[in-house]
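Peer 1: I need the structure of the sequence given here:
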Amino acid sequence: MTVDGQLVARTVAELRAMPDAEDLLARLGRVVEATRTVVGVDGTGLTLVHDDGPPRWVATTDAAMQLLEEVQHDFGEGPCLAAFAEDRVVAVQDLGTELVWDRIAVVVRQLQVRGVLSMPVRLADQPVGTLNVYATQPRAWSPAEVQALGAFAVVTAELVRTAVELANHQLEVAQLRQALASRVWIEQAKGMVAATEGVTLDEAFQQLRVRARSSSRKLADVAQEVIQEVQRARVAAKALDDARVRAAEARAREAEQDLQAAKTGLARRTAAQDRTQDDLATRERPPTSESSSPMNATGPLMTVTMSPTPVNGPRTCATGSPTNATGPLTSATATGRPTYATAPPTSATSPPPTPSNRGG
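Peer 2: Got it, this is the predicted structure:
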């Protein structure tokens, strides 16, 4: 099959221009899809080495290619594994006629996997996986198809190398951060031990080293453990202080309530005493009678008994007190306060008694 070289070059350039921020598996998936389209095959797959042994598939375009990769991994044989192990291109025109891989052919026969082409993916001159394509019909792979598949394998290796370098850089950064964090933990632990034990920083550091050596652990792990212990102790102490504060506040509220109740009771008792005193004062006060001291419109009236007196002589009240004809009358009461009678005084010139008619 004829392969368009310009299309291959343009597609490879586009794949290389993919942003590094994109996920590695997503970019590898785009490489696999582009390979299937440009090379003109029915399916494409990519395998990469793993820590536990031979390469495994990481991206495929369809289920048939995925099954072919898995069967080879299970049987430990196949064109893809041969290309990786021998670091060479493996081209199979018809998998059904290859007796050396007849077990694989039986499994994938129903999926119409016939022609297979496998290309090693190299990193630092060492194979790290394979880029594989298949056709549903027997196929004699042309040099142009092999060359195009090789170009896509190079792009795949570049993406993997970039990812590895990024991972190494991230690992270095993570290790640096871990080292800094460990240093911080150790310094913090030294300060805490020195404060709690009353020793110097050097003595605290020696205590940490002895503790790490006796437990066969890293110094940073012991330091972190010490920090956590001190923090837990501080939290417990703070919780205890908070409980004490809450208890003291509760007692203060109860005392305030008791004081308020006492004030209320005192006020009630004081009011009751005041009412009692008012009642006693009311009962002890002498009653006032209107008949005991007759009053006229302007003051009390007194009844007096006048005795006959000479025309120009003095007059006396029933008590015998002298008074003028026009003077006030003295009251007969015990108070001795003078009062004025409302009745006019008796005239000084009384009519003489009528002489009897002696002659008859």
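
Peer 1: State the three-state secondary structure for Pro19.
Peer 2: Under DSSP: H, G, I helix; E, B strand; the rest coil, the three-state class of Pro19 is coil.

Peer 1: now do Leu46
Peer 2: Applying three-state DSSP: Leu46 is strand.

Peer 1: Could you report the distance from the nearest residue to it once chain neighbours are set aside to Val32?
Peer 2: Leaving aside its sequence neighbours, Leu46 sits nearest to Ala59 (CB to CB, 6 or more residues apart in numbering; 4.6 Å). C-beta: built from backbone N, CA, C; applies to glycine. For Ala59, the distance to Val32 (CB to CB, to the nearest Å) stands at 5 Å.

Peer 1: Next one: Ala271, what pLDDT does it get?
Peer 2: We have a pLDDT of 88 for Ala271.

Peer 1: is it true that it lies in a strand?
Peer 2: No: counting by three-state DSSP, Ala271 is not part of a strand but helix.

Peer 1: Check which helix or strand Val58 maps to.
Peer 2: strand 53-60 (DSSP states H and E).

Peer 1: in that strand, what counts as buried?
Peer 2: Pro55, Trp57, Val58, Ala59, Thr60 (16 or more other CB atoms under 10 Å).

Peer 1: Show me which of these is closest to Gly265.
Peer 2: Val58 (87.2 Å; CB to CB).

Peer 1: So the closest one is in contact with Ala26, correct?
Peer 2: No: taking contacts as CB atoms under 8 Å, Val58 lies outside contact range of Ala26: 11.4 Å.

Peer 1: contacting residues for Ala9?
Peer 2: Ala151 (CB atoms under 8 Å, 6 or more residues apart in numbering).

Peer 1: Surely Val128 is in a helix?
Peer 2: No: read with three-state DSSP, Val128 is strand and lies in no helix.

Peer 1: That one: neighbouring residues, count only.
Peer 2: By other CB atoms under 10 Å, the residues close to Val128 number 19.

Peer 1: can you give me the helices for this structure?
Peer 2: Ranges of helices in the chain, per DSSP state H, are 5-16, 24-39, 63-75, 79-86, 102-108, 143-197, 201-215, 219-284.

Peer 1: ranking the ones you listed by burial, who's on top?
Peer 2: Of all the helices of the chain, helix 79-86 carries the top mean neighbour count, a mean of 21, counting by mean count of other CB atoms under 10 Å.

Peer 1: Packing partners of it?
Peer 2: When contacts are defined as 3 or more CB pairs under 8 Å, 6 or more residues apart in numbering; DSSP states H and E, helix 79-86 sits against strand 43-50, strand 53-60, helix 63-75, strand 90-92, strand 115-123, strand 126-135.
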